[in-house]
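Colleague: Sequence first, then the predicted structure:
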Amino acid sequence: MTPRTIVDKIWDDHEILVDPVSEESLLYVDNLFLTDSSSFHAFDQLEKEGFTVRRPKQIFGVPDHFASSMSRKVLDITDPDRAARIEDLEKYCKKWGINHFGLEDPRMGITHVVGPEQGITQPGKIVLCGDSHTSTHGGLGALAFGIGGAVWPCACDTVPVAKKAKTNARNGCWQTTATDNSKRHCVINRFNNWCWWSIWSYY
């Protein structure tokens, strides 16, 4: 049997079918996080197309981008556009029965901290969010990646999303006499060179 990485295993477990032309896989999504900064695109599209939310209990709305660090009140947010985005998230979560960790909810916080804290992010899951930091859920053994505004409505309405498989990469740093400080710099340098390339090649 060919050895598989954790990414391969999660991908294979969630793969529904593969398009022979585009080579994209249709992947089942375990959880979707909605934020106040970009989810309104999905809500607008759902309303426009007359779609609904298929599995609302698998989706979590967290207002973390525009929320104030000093207050838990919408009225204390001085930017009216940002306040409106937070109110929109609450309104649509309520409309479609989506889990909502609002400003006055003690579970509310940074989306990518809330997931692990609340036991939503778990090993073996596929987790999506319209945010570039979504991949941090991978630290808990999940396959997680950010999605664009065009994908959000699909994830809400149908659950699965189409994705082309990416090549796994191994990145190591071996120095037998290195100090802790030089090891740290080696890793930082590798990530500096590799991560930007991977971000641009991914999209």
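Modeller: Yep, that arrived. In this text the structure is predicted, and so the values were computed from the model without any measurement.
Colleague: Where does the residue nearest to Leu143 when sequence neighbours are not counted sit, in terms of helix or strand?
Modeller: By the measure of CB to CB, 6 or more residues apart in numbering, the closest residue to Leu143 outside its immediate chain neighbours is Ile10, 4.3 Å from it. (Each C-beta comes from the backbone N, C-alpha and C, glycine too.) Under DSSP states H and E, the secondary-structure element containing Ile10 is helix 6-14.
Colleague: If you count neighbours, what's buried in that helix?
Modeller: Using 16 or more other CB atoms under 10 Å as the test for burial, helix 6-14 gives Ile10, Trp11, His14.
Colleague: ok, now stretch 126-136?
Modeller: For stretch 126-136, burial by neighbour count (16+ other CB under 10 Å) applies to Ile126, Val127, Leu128, Cys129, Gly130, Asp131, Thr134, Ser135, Thr136.
Colleague: Report the rounded mean pLDDT for it.
Modeller: Averaged across stretch 126-136, the pLDDT comes to 89.
Colleague: Using PDB, write down the CA coordinates of it.
Modeller: The C-alpha coordinates for stretch 126-136 follow below in PDB (Å, rounded to 0.1, in the frame of the first residue of the first chain):
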ATOM      1  CA  ILE A 126     -12.600  19.500   6.500                       C
ATOM      2  CA  VAL A 127     -13.100  23.000   7.800                       C
ATOM      3  CA  LEU A 128     -13.700  26.100   5.600                       C
ATOM      4  CA  CYS A 129     -13.900  29.800   6.200                       C
ATOM      5  CA  GLY A 130     -13.600  32.900   4.100                       C
ATOM      6  CA  ASP A 131     -10.400  33.900   5.800                       C
ATOM      7  CA  SER A 132      -6.700  33.400   5.000                       C
ATOM      8  CA  HIS A 133      -5.900  32.200   8.500                       C
ATOM      9  CA  THR A 134      -8.300  29.200   8.200                       C
ATOM     10  CA  SER A 135      -5.300  26.800   7.600                       C
ATOM     11  CA  THR A 136      -4.400  27.200  11.300                       C
END
